[in-house]
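[1] how would this look folded up:
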Amino acid sequence: MKILFIGGTGVISTAVSRLAVERGLDLYHLNRGKRATNIPGVKTIIADIHQPESIRAALQNEHFDVVVDWIAFTPEDIERDLALFRGKVKQFVFISSASAYQKPPTHYLVTESTPLYNPHWEYSRNKIASEERLLKAYRDENFPVTIVRPSLTYEVNFPIAIGGWTCYTLADRLKKGLPIIVHGDGSSLWVVTHAEDFGRGLLGLLGSPQTIGHAFHITSDEVLTWKQIYETIADALGVEANIVYIPSDFIAKVVPSFHGSLIGDKSWSAVFDNTKIKTFVPGFQAVIPFHEGIRRTFAWYDADESRKWVDEAVNADMEKILAAYAGR
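    Numbering: from 1, shown residues only. Next comes the predicted model:
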């Protein structure tokens, strides 16, 4: 099976690329070549997806069974993809987001039939609009789309709400005994998923005609509180977390950039029913518990000290929130 990943060098897609090559799939990456793939067996097509004419030239002699777009975020991106791949691919996979599900939720358990509605986060609204455009293309012209919605997925990043996503800032603060922030009282429920587990589910969908027109989320079945997530990270470092609990709306008021990711996502409990992915991909099961997965993350950082980058902008935001809360 010949597969094209648009992107392919991100947090999730890198892990999935490794798994794809291990399974003997013929995998290509289409990107600008600004990040090295470093995965033996992956072939790279260097072109800018935002320049359609150069993309057409790069792809004119290629045909793929499956295309997975990891970096489409808006309906405009989808129109570009439709123009590029109509009639030229057996399956087009759109990587959407579980943040598209109803916020606030009216039921604690999220299924694929949970309404898509998020008035709080433009990112999520764009993902919803992109899904709707693709489903219209499926209904009107039989465009072979499959929609996949990851939730908070990690490998060499920290699956957290506050403290930095792809930097070492949270770990640095924990090791120094500095206060860290957990939104709310830390008791809301959440699910974090290792990228390898996500990848096993995604690869099981590729090439399956039964998945066309369907949407799937792929997550772990392990449910943790936010307090447990941060304490598990601290435990992996061998330290005790100095947690300050701060209401989400207060955080978003002090640093408005948190509004979407908190009020529009992580301030609400999210527990996912994975029956559908298990039905379409027999044998699928997320097998990496968070206490093991986060130790793998730290092993990756420890293998190269240069990876332990501390983002002072993240520190500044945290200090700003902490100071405002202390002085309220």
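[2] going forward, measure contacts and count neighbours with C-alpha atoms only.
    Noted.
[3] Please determine how far the closest residue to Ile128 other than its chain neighbours is located from Thr169.
    Distance criterion Cα to Cα, 6 or more residues apart in numbering; nearest residue to Ile128, sequence neighbours excluded, is Ala100 at 6.0 Å. Note on Ala100: its distance to Thr169, by Cα to Cα, to the nearest Å, is 28 Å.
[4] Which one of the two is surrounded by more residues?
    Per other Cα atoms under 10 Å, whichever of Ala100 and Thr169 has more neighbours is Ala100, with 27 against 21.
[5] Return the distance of stretch 300-313 from the chain's centre.
    21 Å (Cα atoms, centre = their mean, to the nearest Å).
[6] Okay, now the sheet partners of the helix or strand hosting Gln91, with direction.
    According to DSSP states H and E, Gln91 maps onto strand 89-95. Counting by DSSP bridges, the strands paired with strand 89-95 are strand 64-69 (parallel), strand 145-150 (parallel).
[7] Can you name the element that comes right after the last one?
    Following the chain from strand 145-150 toward its C-terminal end, the next helix or strand by DSSP H and E is strand 152-154.
[8] Pull the residues that contact that next one.
    Val11, Ile12, Pro159, Val191, Val192, Thr193, His194, Ala195, Phe198 (Cα atoms under 8 Å, 6 or more residues apart in numbering).
[9] Farthest pair within those?
    Val11 and Val191 (17.1 Å; Cα to Cα).
[10] the more surrounded of the two?
    Under the neighbour definition other Cα under 10 Å, Val11 and Val191 were set side by side, and Val191 has more, 22 against 15.
[11] so what's that one closest to, chain neighbours aside?
    Nearest to Val191 is Val223, by Cα to Cα, 6+ apart, at 5.2 Å.
[12] what number of residues lie near the one you found?
    18.
[13] again with Val239
    Neighbour tally, Val239, other Cα under 10 Å: 16.
[14] tell me which helix or strand of the chain sits lowest on mean pLDDT?
    helix 52-59 (a mean of 84; mean pLDDT, DSSP states H and E).
[15] Which neighbouring elements make contact with that one?
    Contacts defined by 3 or more Cα pairs under 8 Å, 6 or more residues apart in numbering; DSSP states H and E place helix 52-59 against helix 75-85.
[16] any residues touching the helix it packs on, and which ones?
    By Cα under 8 Å, 6+ apart, the list of residues contacting helix 75-85 reads Pro52, Arg56, Ala72, Asn126, Lys127, Ala129, Ser130, Arg133, Leu134.
[17] Using ChimeraX, define a selection of the buried residues within those.
    Written as a ChimeraX command, the selection of buried residues from the contacts of helix 75-85, which uses 16 or more other Cα atoms under 10 Å, is:
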select :56,72,126,127,129,130,133,134
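[18] what's the closest of the contacts of helix 75-85 to Leu206?
    For the contacts of helix 75-85, the nearest to Leu206 is Leu134 (17.2 Å; Cα to Cα).
[19] mind checking the SS state of the closest one?
    helix (DSSP: H, G, I helix; E, B strand; the rest coil).
[20] Could you double-check that it sits in contact with Asp140?
    No - counting by Cα atoms under 8 Å, Leu134 does not reach Asp140; the two are 9.8 Å apart.
[21] Got the confidence number for Ala36?
    Ala36 is assigned a pLDDT of 68 by the prediction.
[22] Shouldn't His29 be within a strand?
    Yes - assessed with three-state DSSP, His29 lies in a strand.
[23] Pull the contacting residues for it.
    By Cα under 8 Å, 6+ apart, the neighbours of His29 are Leu4, Phe5, Ile6, Gly7, Gly8, Val42, Lys43, Thr44, Ile45.
[24] The fifth one reaches Arg32, doesn't it?
    If I follow you right, that is Gly8. No - Gly8 sits out of contact with Arg32 when judged by Cα under 8 Å, with a separation of 10.7 Å.
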